[in-house]
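Novice: sequence and predicted structure, then a few things I'm wondering about:
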Amino acid sequence: MVPKGAALIIVAGGMSTRMGSGIKKELADLNGEPVLCRTLRPFFESKLFSLTVIVLPSSRIEQTKTLVASCFPFVKKDTVIYVSGGKTRQESVYNGLRKLPSHFRTVLIHDGARPWITKEVIFRVYEKAVQTGSAVPVVPSVNALKEIDSGGRVIRNINRSTVVGAQTPQGFAFKDIFSAHRKAAGDGRVYPDDAEVFSVYAGEVFTVPGDIRNKKITYREDLQQRHGGQI
């Protein structure tokens, strides 16, 4: 049974310029299947969400509608809506949030180019977000961390035991993250993720264990990786 008030936003509003050759990474082929379809599948199979918002460049909306309908013929058309993205990821998320009806209580926000997400992480994030109002999946830092100056000189060694990498999906109480994004839209700053927007304008951010396989595709070479290794 789908919980009342659970929504999903998939963010794919960028132009994928670092992929080269005009490739839209969410629509690229990954082991015989479009990246976006691989990303969406565990969310649809979780049956947690009564509405999914996919944020895209306006020029890609019709193409993506056809693609999603082909990959998921069992998903009702009126449970997936498509929204034009903004100039930044932050603007794209805000555009997606603005399309959600006010009755929603919980929303998960996920990068469309993270196709290795698992249902286990989705459920962890959802349950924590319902309990606390916020949830971010994180993974430990495995590299030695350094802070450098503009000239590339190391100026501080950072204790990696206190630093983690944030992933998506990030989950929040809908009314709080919507209010936070509305305020952030007018403050002149650009925030790297929704957790920071929430922490500045809404409250504490809680974490759950992420998954090292849950990587984000950024470069063409990332399409040759699967679960942290070569295909």
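Specialist: On my side now, so go ahead. Residues are numbered from 1 along each chain as shown.
Novice: so which residues of this structure form helices?
Specialist: 35-46, 61-71, 89-98, 119-132, 174-184, 194-201 (DSSP state H).
Novice: Throw those into TSV and include mean neighbour count, distance to residue 140 and mean pLDDT, thanks.
Specialist: For every residue, glycine as well, the C-beta is placed using N, CA and C. Below are those laid out as TSV (neighbours: other Cβ atoms under 10 Å; distance: least, Cβ to Cβ, whole Å; pLDDT from 0 to 100):
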stretch	mean neighbour count	distance to residue 140	mean pLDDT
helix 35-46	20	23	97
helix 61-71	15	33	95
helix 89-98	22	24	97
helix 119-132	18	15	98
helix 174-184	19	26	98
helix 194-201	21	17	98
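Novice: out of these, which is closest to residue 158?
Specialist: Nearest to residue 158, of all the helices of the chain, is helix 194-201, at 18.0 Å by Cβ to Cβ.
Novice: by contact count, what packs against the closest one?
Specialist: strand 134-140, strand 170-173, helix 174-184 (3 or more Cβ pairs under 8 Å, 6 or more residues apart in numbering; DSSP states H and E).
Novice: follow-up on the earlier one: okay, the helices of the chain in JSON lines with distance to residue 218 next?
Specialist: Below are the helices of the chain laid out as JSON lines (distance: least, Cβ to Cβ, whole Å):
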{"stretch": "helix 35-46", "distance to residue 218": "12"}
{"stretch": "helix 61-71", "distance to residue 218": "20"}
{"stretch": "helix 89-98", "distance to residue 218": "13"}
{"stretch": "helix 119-132", "distance to residue 218": "19"}
{"stretch": "helix 174-184", "distance to residue 218": "24"}
{"stretch": "helix 194-201", "distance to residue 218": "18"}
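Novice: that's all I had, so thanks and see you.
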